[in-house]
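Engineer: this is a predicted model, with the sequence first.
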Amino acid sequence: MVEALRSKGLKNVVYGVVIVAVGFAFLSTGTQGPATRLSSWKEVCVANVRSRCISPTEFNATATLLRQILRKNDKRQAIEGLIERELLLQEAERLGMGVTDDEITAQLKNGFIRFSQAFAEPVKAPRGPEAQGVFPAHEHFLNKNTKQFEMKTYSRFVSQVTGGMSDKEFREFQSRELLAAKVRELVQAPVRVSEPESYELYVRQKTNATLSYVEVRDDFAAESLVETRQSDIDAWVKDHQVDVDKAFEEAKKTDLPKATTVRHILVMFNGDSQAKKDKALEKISLIAARIKAGEPFGTVARSFTEDPGSKSSGGAYEEKMVEGFVESFKKAFASLKPGQMTATAIESSYGYHLIMRDDPTRAGATEAAVKKAVIVDLYRDAKAKDAAKAFADRVQAQIKNGKTPDEALNALLKPVKVQLLAVTPDATPKAGAPPGDAGAPAAPPAPKPDDATAKPKTADVLPANAPEFKTSSRFNRTGDLFSPDINPRDADKIRDFAFAAKDGEWLADIARGSEGNFLVMLKDRTIASREDYEKERDTHLSTLLTGKQSEALSMYMKQLRDRAKADIKINNDFFKDEKADGGAATSSSDDDGE
């Protein structure tokens, strides 16, 4: 063996000590088979695979390697990988395979540490370089100063990455890992990728499309399309009284005014552009109009506020929390009397706020308003889906008659004329501003009632969530569509359409999502060329081959697992701090590992 090493040149001299120090102490002669042990009644095993014991030492080593090398702190995955390794070792025994001492020593000499991972479940199976289960550690075996192999450094590193294994235990551990790796290679070796298959898949992956679409949301239909004739609502309530009562009881918990409570509605403008601020001002002005028309502040807040911290509570916070809020919020709240709402939109770094101080003395009147609002909201929600579909049908009909999507929407949508709120500017000091400088211009004085020249501004505003004509990002056949909410059957139709239709063609059917309807048009499609393929051919072939090899190994391991299912037992004492469902395919579990 030493002569063989010498024959490979002087560059291997550095590793000669590995053979002498690591190999000489632990070498046995000949070819090694699967060095697994039958478990005895006295022995504690983490798992048994057809009575072959997986020891705590190897389990801890594998779990430590997964944690330190792959950053996976998952004991269940560690034992699943070792169970699969034991099945592979039994396959090696059946096939008469083994590893030689020279092979084990060469692996250690080159500094490779092997560890098993689970492949039987394709979804959880490792991919890419990680799937090899090999860690190149030769640099960690060298003295930092001399850059030469050092036994002490080697032993210390081995102990560190395996959770305390001795050199001898590590060599035995690696011999089993190397033999399992040989069986995996044997399974994967026949896998091939043909040139036509590679090209076809490349075109499939690299050809991409862009869709344009109109989404008609149910919440838009509920607010803007459903007619609320009182006679229809009363008839509906008779058949849904239980639902109404339940929703009303829940609403009372959040929407009725309480002592020492502040409420707010936030509309974010997501940036400093004036266009975004104008849009946000229109939206909060619409919301303010609803409250002024008699809808309870808390009920409206639950529907429209963009503050996730208070949405479910009807915009409510405890008054004592205000001290920690932004300056403009604190100032506006301090000026309010119980039952009052800010007359302006209060600007902050988050967006525009409407703020209200609760008045518990108005609980009775508010309760009646809350009940009315609950009934109307439930009725609208119940009718929204049909109304949204009917509106989508009308948009589709307009497009079929030759109108563009924008022309169709402009013809069907009815803007609402709304009085825009004045804005109280952000009172937060700008970075670098001198003390006492709010960093924003003072709020304009409120117009006097007799000042005929100072009329409030109005705007024609589209309803909340009104349909728009939008364009998706580019995607391939397996990429994400523009919305994750489209039901699976319609999503498949859209994918097929995107890669078969002509540019500018509309999908015949209206697709349905969990929150609305979609009219879909193919904007354009880019087909991958042969020239593009030739540039990426080698990388693509390699990636494709690796993927197919992983699939082949997963199928093989699943068959082994299925056949051995009744003979795999896991000692759950080692997993008491793990979730119960660790994914182990076992028939039973023993406390003693037997």
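Structural biologist: On my side now, so go ahead. Residues are numbered from 1 along each chain as shown.
Engineer: so Thr458 makes contact with Lys417?
Structural biologist: Yes: counting by CB atoms under 8 Å, Thr458 does reach Lys417; the two are 5.7 Å apart. (C-beta placed from N, C-alpha, C; glycine too.)
Engineer: between these two, who's got more neighbours?
Structural biologist: Thr458 (11 against 8; other CB atoms under 10 Å).
Engineer: what's near enough to touch the more buried one?
Structural biologist: Neighbouring residues of Thr458 by CB atoms under 8 Å, 6 or more residues apart in numbering: 417-420.
Engineer: rebuild these as TSV, extending it with secondary structure.
Structural biologist: Shown next, in TSV, are those (DSSP: H, G, I helix; E, B strand; the rest coil):
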residue	secondary structure
Lys417	strand
Val418	strand
Gln419	strand
Leu420	coil
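Engineer: nearest to Pro484 among these?
Structural biologist: The closest of the contacts of Thr458 to Pro484 turns out to be Val418 (CB to CB; 32.6 Å).
Engineer: how near is the closest one to Gln340?
Structural biologist: Using CB to CB, to the nearest Å, one obtains 21 Å as the distance from Val418 to Gln340.
Engineer: out of the two, which sits in the more crowded spot?
Structural biologist: Val418 (19 against 13).
Engineer: wait, that one sits on Lys283?
Structural biologist: No: with contact defined as CB under 8 Å, Val418 does not count as touching Lys283 (9.5 Å).
Engineer: who touches both of those two?
Structural biologist: Common neighbours of Val418 and Lys283 (CB under 8 Å, 6+ apart) are Val461.
Engineer: what are the phi and psi values at His264?
Structural biologist: The phi/psi pair for His264 (degrees, to the nearest 10) reads phi -150, psi 160.
Engineer: who's in contact with it?
Structural biologist: Shown in contact with His264 (CB under 8 Å, 6+ apart): 301, 305, 307, 310, 315, 317, 329, 353-356.
Engineer: now the two most distant members of these.
Structural biologist: In these, two members sit farther apart than any others by CB to CB. They are Ala301 and Phe329, at 14.8 Å.
Engineer: quick one on the thing from earlier: could the contacts of Thr458 go into CSV alongside pLDDT and distance to His138?
Structural biologist: Converted to CSV, these look like this (pLDDT from 0 to 100; distance: CB to CB, whole Å):
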residue, pLDDT, distance to His138
Lys417, 90, 76
Val418, 90, 72
Gln419, 93, 75
Leu420, 94, 70
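Engineer: closest to Thr471 among the residues you listed?
Structural biologist: Among these, and counting by CB to CB, the member closest to Thr471 is Val418, at 28.5 Å.
Engineer: list the contacts of that closest one.
Structural biologist: Here Val418 is in contact with 282, 285-286, 289, 458-461 (CB under 8 Å, 6+ apart).
Engineer: what's the closest of the residues you listed to Thr543?
Structural biologist: Glu282 (49.4 Å).
Engineer: please identify which helix or strand holds that closest one.
Structural biologist: Take DSSP states H and E as the rule and Glu282 turns out to sit in helix 274-292.
Engineer: could you list the residues in contact with that helix?
Structural biologist: Taking CB under 8 Å, 6+ apart as the rule, helix 274-292 contacts 265, 267-270, 297, 300, 304, 341, 345, 351-352, 354, 416, 418-421, 423, 459, 461, 463-464.
Engineer: swap in stretch 192-208?
Structural biologist: For stretch 192-208, with CB under 8 Å, 6+ apart as the criterion, the contacting residues are 474-479, 499, 525-528, 530, 532-533, 536-537, 540-541, 544-545, 548.
Engineer: tell me which of those residues fall in helices.
Structural biologist: 530, 532-533, 536-537, 540-541, 544-545, 548 (DSSP state H).
Engineer: what subset of those residues is buried?
Structural biologist: 540-541, 544 (16 or more other CB atoms under 10 Å).
Engineer: may I see the buried residues of stretch 314-334?
Structural biologist: Quick answer for stretch 314-334 (16+ other CB under 10 Å): 314-317, 322, 325-326, 328-329, 332-333.
Engineer: should've said stretch 226-246
Structural biologist: Quick answer for stretch 226-246 (16+ other CB under 10 Å): 226, 233, 236, 244.
Engineer: likewise for stretch 98-116?
Structural biologist: 98-99, 101-109, 111-116.
Engineer: report how many residues lie close to the nearest residue to Ala411 once chain neighbours are set aside.
Structural biologist: Distances taken as CB to CB, 6 or more residues apart in numbering put Gln398 closest to Ala411, at 6.3 Å, once the chain neighbours are dropped. Neighbour count for Gln398, taken as other CB under 10 Å: 18.
Engineer: next one: the one 4 residues further on
Structural biologist: The burial count assigned to Gly402 is 8, neighbours taken as other CB under 10 Å.
Engineer: now it: how far from Lys238?
Structural biologist: The value you get for Gly402 to Lys238, if CB to CB is used, is 45 Å.
Engineer: check which helix or strand covers the residue nearest to Thr162 when sequence neighbours are not counted.
Structural biologist: Leaving aside its chain neighbours, Thr162 sits nearest to Ala61 (3.8 Å; criterion: CB to CB, 6+ apart). Assigned by DSSP H and E, Ala61 falls within helix 56-69.
Engineer: with Val193 instead?
Structural biologist: Counting by DSSP H and E, there is no helix or strand that carries Val193.
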